[in-house]
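Q: Need the 3D shape of this:
(one chain, ligands or ions: 1)
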Amino acid sequence: MDAIHVDGLTKEFDGVTAVDDLSFTVERGELFGLLGPNGAGKSTLINMLVALLPPSSGTASVNGHDVRSEKGAVRSSLGIVFQEPALDEELTGAENLAFHSRLYGQARSDRADRIDEVLGLVGLSAVRDDPVGTYSGGMKRRLEIARGLLHEPAVLFLDEPTVGLDARTRRDTWEYIEQLNEAAGVSIVLTTHYIEEADRLCDRVAIVDDGDIVAIDAPAALKESLGGDVVALEFASDGAEAGTEGQSDVPSALLDRLDDRAWCRDYAVADGRSGVHVTVDDGDARIAALVRLADETGAGITSIDLREPTLENVFLELTDRDRAAAGAGRSRGLAALGGTRSGSTATGTESRADVHDDRSSAVSTEDRS
Ligand SMILES: Nc1ncnc2c1ncn2[C@@H]1O[C@H](COP(=O)(O)OP(=O)(O)OP(=O)(O)O)[C@@H](O)[C@H]1O
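A: Predicted coordinates for the structure are as follows:
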């Protein structure tokens with residue numbers, strides 16, 4: 001049985017389709033991320049999955065229980081940690097958990113042991129009897145996670161689990177989330193705006209935009225879908241040809257050699273014509289060969305920059321339609337340039353970041369066509 005099974009799930013609010021015909025599953029034990037811009041539909045989706053909001057159409061089940069007809073069973077199958085803290089600062093950590101346990105009707109005989117267990121899972125045993133008002137932000141967040149785990153849910157929903165935490169505490173919190181996913185075997189669904197968080201933590205990520213899942217896969221596979229690493233080589237300009245219409249500082253002999261190399265997936269001359277961007281599968285492994293080729297053709301390299309695709313590139317490419325459309329116009333130049341491999345030049349790019357983004361768009365344009 002899947003931890004979560006969603007089929008054709010849709011939610012409409014007065015003509016606004018917040019969640020549009022989604023179908024996906026979350027496997028048992030999986031750490032699953034929902035990543036999307038503001039207003040993408042993440043909260044609406046989660047609210048339907050935790051049986052707080054009825055779907056307009058479609059079905060969803062959590063731990064095998066239908067979100068419409070088995071709300072009670074759905075709720076006891078899951079733990080939720082909301083963004084807004086809801087702890088009593090006067091009470092100790094253990095007292096906060098005991099209060100919650102009573103509220104949820106947990107058997108008294110199990111209570112003390114389970115509280116000890118979840119405090120241990122989130123590393124708060126030593127401060128269990130300190131008032132929560134003395135806890136740091138990260139400790140409070142971990143206590144909230146412990147509270148969500150108290151009734152041994154099959155699925156834990158974490159809404160922006162590290163929002164507002166400093167970088168160090170965020171990383172610590174990631175470690176606890178990973179540990180409890182492994183140690184407690186609980187499936188975790190987390191929503192986040194932090195792309196690095198999704199990349200680091202999640203087995204799979206669904207990128208949500210405009211009520212739709214525009215991509216769903218392991219972070220590495222999503223990055224791979226952008227089409228390889230780019231090694232950016234810059235060459236010394238002899239001053240004679242730089243800026244000359246139709247001329248390039250990149251030796252045409254080097255481009256000829258790149259044409260012959262099977263490992264060279266693509267290349268583009270850019271950056272004011274004094275650089276070439278070479279797309280390869282494994283950038284680290286190809287740098288030496290590229291330097292050798294440049295040496296052989298007498299080109300003086302002044303800098304080498306390896307640009308590996310990030311989940312952020314995937315996110316931006318898939319979620320910013322206006323920007324992607326604008327980028328596709330620029331990228332055609334790059335894609336066509338790489339495709340013809342004639343040694344002609346692109347019209348130049350404004351910045352390194354733009355070059356990288358163009359590459360993302362170029363690959364996607366090809367993917368979509
Ligand atoms: N109760 C509601 N009534 C009307 N429209 C709503 C309601 N709840 C959400 N929406 C709309 O549905 C769309 C999706 O909103 P939702 O809050 O699910 O997005 P989100 O991805 O969670 O955004 P954020 O990251 O900002 O929390 C938005 O256009 C929003 O305005």
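Q: contacting residues for the closest residue to the ligand within the stretch 251-369 of the chain?
A: At 10.7 Å from the ligand, residue 319 is the closest residue in the stretch 251-369 of the chain, using CB to the nearest ligand atom. Any C-beta I mention is one placed from the backbone N, CA and C, and that applies to glycine too. Taking CB atoms under 8 Å, 6 or more residues apart in numbering as the criterion, residue 319 is in contact with 36-37, 40, 207, 209, 214.
Q: give me the number of residues near residue 262?
A: Other residues near residue 262 number 5, with proximity taken as other CB atoms under 10 Å.
Q: Please report the distance of it from residue 280.
A: Between residue 262 and residue 280 the distance is 10 Å, computed by CB to CB, to the nearest Å.
Q: Which residue is the nearest non-sequential neighbour of residue 54?
A: Nearest in space to residue 54, with sequence neighbours left out and distances taken as CB to CB, 6 or more residues apart in numbering, is residue 68 at 6.4 Å.
Q: Look at that neighbour and say how many residues are nearby.
A: Residue 68 has 15 neighbours, counted by other CB under 10 Å.
Q: Surely it is in contact with residue 56?
A: No. Taking CB atoms under 8 Å as the contact criterion, residue 68 and residue 56 are not neighbours in contact, 11.3 Å apart.
Q: Can you list the residue ranges for helices in this structure?
A: Assigned helices in the chain, in chain order: 42-49, 71-76, 93-103, 108-121, 137-149, 167-183, 195-201, 219-224, 252-260, 283-296, 311-319, 321-340, 352-368 (criterion: DSSP state H).
Q: Retrieve the pLDDT associated with the closest residue to the ligand within the stretch 51-200 of the chain.
A: Distances between the stretch 51-200 of the chain and the ligand by CB to the nearest ligand atom are smallest at residue 193, namely 6.6 Å. Note on residue 193: pLDDT of 83.
Q: burial of it, as a residue count?
A: The local packing count at residue 193 equals 15, with neighbours defined by other CB under 10 Å.
Q: sorry, back to before: quick one: contacts for the residue nearest to residue 54?
A: Residues near residue 68 by CB under 8 Å, 6+ apart: 51, 54-55, 59.
Q: Quick one, which of these are buried?
A: Buried positions within those, assessed by neighbour count (16 or more other CB atoms under 10 Å), are 51, 55.
Q: one step back: just flag the most distant two among the contacts of residue 319.
A: In these, the most distant members under the criterion CB to CB are 37 and 214, with 10.9 Å between them.
Q: Quick one: name the residues of this structure near the ligand.
A: For the chain, the residues found near the ligand under the criterion CB under 6 Å from any ligand atom are 13, 16, 18, 36, 38-44.
Q: Export the contacts of residue 319 as CSV, with columns for pLDDT and neighbour count.
A: Formatted as CSV, the contacts of residue 319 follow (pLDDT from 0 to 100; neighbours: other CB atoms under 10 Å):
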residue, pLDDT, neighbour count
36, 88, 26
37, 86, 15
40, 91, 23
207, 91, 25
209, 91, 19
214, 91, 17
